[in-house]
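**Q** Sequence plus predicted model, see below.
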Amino acid sequence: QVQLVESGGGLVQPGGSMRVSCIASGSTANINRMGWYRQPPGKQRELVATITSDGATNYADSVKGRFTISGDVAKNTVYLQMSSLKPEDSAVYYCNAARVIGTLLLTKYNYWGQGTQVTVSS
């Protein structure tokens, strides 16, 4: 099993910035991708950004140019720097760790953190 612990989050004003962090522990040897998803109130969980063990990143169109994912999958850490935040970015942000082969996600190795609330409001 893999345990994911998120930190950061909270309340920020529109246009502001915030950083969330995640560290994985446990049986991480099979993990080759980490990332962030979010779930706005009343909506489904959606991809925000991912980073692979070779450093390749992927972003949702809605956050491109505003959010930056970084970290080191081999060291079990991932960060999400969020800038120019909008009220529609408000959501519970979940850290994810997984093993992927190309575009195929192996469900046996797909783990979630408990989530951290990000609220963008004046």
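**A** In hand now; what should we look at?
**Q** When you work out contacts or count neighbours from here on, use the C-alpha atoms and nothing else.
**A** Fine.
**Q** element containing the spatially closest residue to Gly15 that is not a sequence neighbour?
**A** Distances taken as CA to CA, 6 or more residues apart in numbering place Ser84 nearest to Gly15, at 4.2 Å, with adjacent residues excluded. Element membership for Ser84 (DSSP states H and E) is empty, with no helix or strand holding it.
**Q** mind listing the strands for the chain?
**A** When secondary structure is read from DSSP state E, the chain shows strands at 2-8, 10-12, 18-26, 33-39, 46-52, 57-59, 67-72, 77-82, 91-101, 104-112, 116-120.
**Q** Relative to the third one, what are the paired strands and their orientations?
**A** With DSSP bridges as the criterion, the sheet partners recorded for strand 18-26 are strand 2-8 (antiparallel), strand 77-82 (antiparallel).
**Q** Then the fifth one?
**A** Applying DSSP bridges, strand 46-52 is found paired with strand 33-39 (antiparallel), strand 57-59 (antiparallel).
**Q** what sits up against the last one?
**A** Here strand 57-59 makes contact (CA atoms under 8 Å, 6 or more residues apart in numbering) with 47-51, 69.
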